[in-house]
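>>> have a look; sequence and predicted model below, questions after that.
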Amino acid sequence: TLIYSAGLRGQEVINLKISDIDFERKTIHIRQSKYKKDRVVPLADSSGIYHIVFTVPHHLNVLCLHNGRMFYNLFFSAVWHTLNSFGYSHYGVETGAIAVLHTWGQNLSLHPHIHCLVPAAGYSLDGRWKNIGHGGKFLYPVHQMSSAFKAKFPDSLKTRLAQTKPVDALQ
(Lines give C-alpha, C1' and ligand atoms only; values in the text may rest on other atoms or scores of the structure.)
Protein backbone atom coordinates (compact mmCIF):
# COMPACT_ATOMS: atom_id res chain seq x y z
CA THR A 1 0.00 0.00 0.00
CA LEU A 2 2.76 2.45 0.98
CA ILE A 3 4.89 1.77 -2.09
CA TYR A 4 1.97 1.64 -4.51
CA SER A 5 0.41 4.87 -3.28
CA ALA A 6 3.74 6.71 -3.45
CA GLY A 7 4.44 5.56 -7.01
CA LEU A 8 7.95 4.31 -6.31
CA ARG A 9 9.99 2.54 -8.98
CA GLY A 10 11.45 -0.92 -8.31
CA GLN A 11 15.03 0.27 -7.80
CA GLU A 12 13.78 3.04 -5.51
CA VAL A 13 12.08 0.43 -3.32
CA ILE A 14 15.29 -1.61 -3.15
CA ASN A 15 17.31 1.45 -2.06
CA LEU A 16 14.68 2.68 0.44
CA LYS A 17 15.73 3.04 4.08
CA ILE A 18 13.48 3.48 7.10
CA SER A 19 15.13 6.85 7.75
CA ASP A 20 13.92 8.03 4.30
CA ILE A 21 10.30 7.88 5.48
CA ASP A 22 9.08 10.92 7.41
CA PHE A 23 5.80 10.01 9.07
CA GLU A 24 5.32 13.49 10.55
CA ARG A 25 5.55 15.25 7.18
CA LYS A 26 4.03 12.23 5.41
CA THR A 27 6.78 12.09 2.78
CA ILE A 28 9.38 9.69 1.41
CA HIS A 29 12.82 11.00 0.43
CA ILE A 30 13.96 9.13 -2.69
CA ARG A 31 17.73 9.35 -3.14
CA GLN A 32 19.35 9.21 -6.56
CA SER A 33 16.18 8.24 -8.39
CA LYS A 34 15.76 8.42 -12.15
CA TYR A 35 18.31 10.76 -13.77
CA LYS A 36 20.39 10.60 -10.53
CA LYS A 37 18.22 13.24 -8.81
CA ASP A 38 16.77 13.19 -5.32
CA ARG A 39 13.04 13.67 -4.98
CA VAL A 40 10.45 13.78 -2.24
CA VAL A 41 7.10 12.08 -2.73
CA PRO A 42 4.04 12.39 -0.52
CA LEU A 43 2.51 9.47 1.30
CA ALA A 44 -1.10 9.25 0.24
CA ASP A 45 -2.29 8.08 3.64
CA SER A 46 0.33 6.98 6.12
CA SER A 47 -2.28 6.64 8.87
CA GLY A 48 -2.90 3.16 7.46
CA ILE A 49 0.69 2.05 8.03
CA TYR A 50 2.08 0.73 11.28
CA HIS A 51 5.75 0.67 12.28
CA ILE A 52 6.52 -2.51 14.24
CA VAL A 53 10.00 -3.34 15.55
CA PHE A 54 11.18 -6.81 16.56
CA THR A 55 14.30 -7.23 18.69
CA VAL A 56 16.15 -10.20 20.14
CA PRO A 57 17.65 -10.66 23.60
CA HIS A 58 21.31 -9.60 23.82
CA HIS A 59 22.41 -13.01 25.09
CA LEU A 60 21.63 -14.42 21.61
CA ASN A 61 24.16 -12.08 19.96
CA VAL A 62 26.86 -14.74 20.18
CA LEU A 63 24.84 -16.94 17.82
CA CYS A 64 24.42 -14.02 15.47
CA LEU A 65 28.17 -13.44 15.38
CA HIS A 66 29.05 -17.08 14.76
CA ASN A 67 26.39 -17.97 12.21
CA GLY A 68 24.74 -14.82 10.92
CA ARG A 69 23.07 -16.46 7.92
CA MET A 70 21.22 -19.02 10.05
CA PHE A 71 20.40 -16.42 12.73
CA TYR A 72 19.01 -13.80 10.34
CA ASN A 73 17.06 -16.34 8.25
CA LEU A 74 15.37 -17.63 11.40
CA PHE A 75 14.88 -14.07 12.67
CA PHE A 76 13.07 -12.96 9.49
CA SER A 77 11.08 -16.19 9.43
CA ALA A 78 9.92 -15.72 13.04
CA VAL A 79 8.97 -12.08 12.35
CA TRP A 80 6.95 -13.06 9.27
CA HIS A 81 5.30 -15.97 11.06
CA THR A 82 4.27 -13.67 13.90
CA LEU A 83 2.89 -10.92 11.63
CA ASN A 84 1.14 -13.40 9.36
CA SER A 85 -0.49 -15.32 12.21
CA PHE A 86 -1.67 -12.11 13.89
CA GLY A 87 -3.19 -10.89 10.62
CA TYR A 88 -5.20 -14.09 10.39
CA SER A 89 -6.07 -14.49 14.06
CA HIS A 90 -7.06 -10.86 14.74
CA TYR A 91 -8.57 -9.74 11.44
CA GLY A 92 -8.91 -12.79 9.18
CA VAL A 93 -6.58 -11.33 6.54
CA GLU A 94 -3.25 -11.96 4.93
CA THR A 95 -1.38 -8.70 5.15
CA GLY A 96 2.08 -7.75 3.98
CA ALA A 97 5.08 -5.90 5.30
CA ILE A 98 8.27 -4.19 4.28
CA ALA A 99 10.97 -5.47 6.61
CA VAL A 100 14.39 -3.88 7.08
CA LEU A 101 17.15 -5.46 9.15
CA HIS A 102 19.30 -3.25 11.36
CA THR A 103 22.26 -4.96 12.99
CA TRP A 104 23.69 -2.15 15.11
CA GLY A 105 22.21 0.15 17.72
CA GLN A 106 22.75 3.90 17.95
CA ASN A 107 25.84 3.39 20.06
CA LEU A 108 27.32 1.07 17.37
CA SER A 109 26.98 -2.06 19.46
CA LEU A 110 25.54 -5.27 18.04
CA HIS A 111 21.77 -4.97 18.35
CA PRO A 112 19.90 -6.99 15.70
CA HIS A 113 16.38 -5.72 15.13
CA ILE A 114 13.90 -5.68 12.26
CA HIS A 115 11.75 -2.67 11.39
CA CYS A 116 8.47 -3.57 9.68
CA LEU A 117 6.07 -1.27 7.88
CA VAL A 118 2.74 -3.08 7.96
CA PRO A 119 -0.30 -1.78 6.06
CA ALA A 120 -3.61 -1.62 7.89
CA ALA A 121 -5.18 -3.72 5.17
CA GLY A 122 -4.99 -7.15 3.63
CA TYR A 123 -6.81 -9.82 1.68
CA SER A 124 -9.52 -11.69 3.54
CA LEU A 125 -9.85 -15.45 3.30
CA ASP A 126 -12.45 -15.02 0.54
CA GLY A 127 -10.08 -12.82 -1.50
CA ARG A 128 -11.52 -9.39 -0.73
CA TRP A 129 -9.45 -6.34 0.24
CA LYS A 130 -10.18 -5.47 3.86
CA ASN A 131 -9.07 -2.52 5.96
CA ILE A 132 -7.89 -3.56 9.40
CA GLY A 133 -6.82 -1.87 12.60
CA HIS A 134 -8.76 0.49 14.74
CA GLY A 135 -6.99 3.69 13.73
CA GLY A 136 -5.17 3.61 17.04
CA LYS A 137 -1.53 3.55 17.94
CA PHE A 138 -1.13 -0.24 17.65
CA LEU A 139 -2.28 -2.64 14.94
CA TYR A 140 -2.03 -5.74 17.16
CA PRO A 141 -1.97 -6.19 20.96
CA VAL A 142 1.69 -5.50 21.76
CA HIS A 143 2.06 -7.89 24.70
CA GLN A 144 0.41 -10.77 22.84
CA MET A 145 2.55 -10.22 19.75
CA SER A 146 5.69 -9.91 21.86
CA SER A 147 4.91 -13.16 23.67
CA ALA A 148 4.24 -14.98 20.40
CA PHE A 149 7.52 -13.79 18.89
CA LYS A 150 9.47 -14.55 22.08
CA ALA A 151 8.18 -18.11 21.88
CA LYS A 152 8.65 -18.60 18.13
CA PHE A 153 12.18 -17.29 17.61
CA PRO A 154 14.03 -19.15 20.41
CA ASP A 155 12.09 -22.32 19.58
CA SER A 156 13.16 -22.15 15.93
CA LEU A 157 16.77 -21.50 17.03
CA LYS A 158 16.73 -24.52 19.35
CA THR A 159 15.26 -26.73 16.62
CA ARG A 160 17.81 -25.63 14.04
CA LEU A 161 20.74 -25.96 16.42
CA ALA A 162 19.60 -29.48 17.37
CA GLN A 163 19.63 -30.42 13.67
CA THR A 164 23.16 -29.16 13.03
CA LYS A 165 26.53 -30.41 14.10
CA PRO A 166 28.20 -28.16 16.68
CA VAL A 167 30.85 -27.11 14.14
CA ASP A 168 28.22 -26.30 11.48
CA ALA A 169 26.26 -24.08 13.87
CA LEU A 170 29.30 -21.89 14.45
CA GLN A 171 30.25 -21.43 10.78
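Looks like it arrived, so ask away.
>>> for the longest helix anywhere in the chain, name the packing helices and strands.
Counting residues, the longest helix found in the chain (DSSP state H) is helix 68-91. Applying 3 or more C-beta pairs under 8 Å, 6 or more residues apart in numbering; DSSP states H and E, one finds that helix 68-91 contacts strand 49-55, helix 61-66, strand 93-94, strand 98-104, strand 110-119, helix 142-163. Just so you know, the C-beta spots here come from the backbone N, C-alpha and C atoms, and that holds for glycine as well.
>>> other SSEs contacting the shortest one?
Helices and strands in packing contact with strand 93-94 are listed as helix 68-91, strand 121-124; criterion 3+ C-beta pairs under 8 Å, 6+ apart.
>>> and for the fifth one?
Helices and strands touching strand 110-119, by 3+ C-beta pairs under 8 Å, 6+ apart, are strand 49-55, helix 61-66, helix 68-91, strand 98-104.
>>> in JSON lines: those, plus mean pLDDT and mean neighbour count.
Shown next, in JSON lines, are the helices and strands packed on strand 110-119 (pLDDT from 0 to 100; neighbours: other C-beta atoms under 10 Å):
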{"stretch": "strand 49-55", "mean pLDDT": "91", "mean neighbour count": "18"}
{"stretch": "helix 61-66", "mean pLDDT": "88", "mean neighbour count": "14"}
{"stretch": "helix 68-91", "mean pLDDT": "94", "mean neighbour count": "17"}
{"stretch": "strand 98-104", "mean pLDDT": "89", "mean neighbour count": "14"}
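>>> next, format those as JSON lines and append distance to residue 41.
Converted to JSON lines, the helices and strands packed on strand 110-119 look like this (distance: least, C-beta to C-beta, whole Å):
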{"stretch": "strand 49-55", "distance to residue 41": "14"}
{"stretch": "helix 61-66", "distance to residue 41": "35"}
{"stretch": "helix 68-91", "distance to residue 41": "25"}
{"stretch": "strand 98-104", "distance to residue 41": "15"}
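>>> and of the ones you listed, who's closest to residue 133?
Across the helices and strands packed on strand 110-119, residue 133 has its closest neighbour in strand 49-55 (7.0 Å, C-beta to C-beta).
>>> tell me where the model's unsure across the chain.
By pLDDT under 70, the weakly predicted segments of the chain are 1-9, 23, 26, 33-34, 42-47, 165-171.
>>> residue 111 contacts residue 105, correct?
Yes: under the criterion of C-beta atoms under 8 Å, residue 111 makes contact with residue 105 at 3.5 Å.
>>> neighbour count winner among the two?
residue 111 (16 against 12; other C-beta atoms under 10 Å).
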